[in-house]
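Novice: Quick one: sequence plus predicted model below, questions after.
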Amino acid sequence: MITRRAWLLTLLATSALGAAAEAAGIVRKGGLEFVDPWARATAPGQGNGAAYLTIRNHGEADRIVRAEAAVSRKVELHTHEIDARGVARMIEVPAIELPAHATTELKPGGLHVMFIGLHQPLEPGKRFPLKLVLEKAGEVTLEVEVRRVAGMPMSHGTGHGGHGTGN
Ligand SMILES: [Cu+2]
């Protein structure tokens, strides 16, 4: 009896782990694969945060037109550009293009989903839902994992733009 129960518990634990791995791994929607969504951990009092992921598009061109999350007052789609003085600045973009049969990476220093006015710090190990709205494929909700990034500044900036490192 004890053995049987232990076996059952093992089965349950295994399937729970499998579900978690899937949630943190790849989510598919049509010809799109959303891979490893994560957000940088933030310090208390830090106003803004950012999330990153890789999107593999096996089909026709699409674009992310909006992102929604409950962790902050506003959610925007951002990229970085180099200004006339050679300083990297973040700017909001109306959409993130997902070219046909191509991989698009949202990563520190490039495209990212920006959380403006965090309601509370993003703590390492926590997860939160992020909804992406696609022009053609519809909506997809991803589970974002918060990670501490070693060797990178914690400040994503409390103001907006102007911070050369990070993101
Ligand atoms: Cu940003």
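Specialist: Ah, there it is. Numbers count the residues shown, from 1 in each chain.
Novice: What is the burial count for Leu134?
Specialist: By other Cβ atoms under 10 Å, 20 other residues sit near Leu134. No exception for glycine: its C-beta is placed from N, CA and C like everyone else's.
Novice: Ignoring the adjacent residues along the chain, who's closest to it?
Specialist: Excluding the flanking residues, the one nearest Leu134 by Cβ to Cβ, 6 or more residues apart in numbering is Asp62, at 5.2 Å.
Novice: The one you found and the ion, how far apart?
Specialist: Here Asp62 is placed at a distance of 22 Å from the ion (Cβ to the ion, to the nearest Å).
Novice: Kindly state the beta-bridge partners for that residue.
Specialist: Leu98 (DSSP bridges).
Novice: I'd like to know how many residues surround it.
Specialist: 24.
Novice: go on, the one 4 residues further on?
Specialist: Applying the criterion other Cβ under 10 Å, we find 15 residues in the vicinity of Arg66.
Novice: Secondary structure element for it, which one?
Specialist: strand 62-68 (DSSP states H and E).
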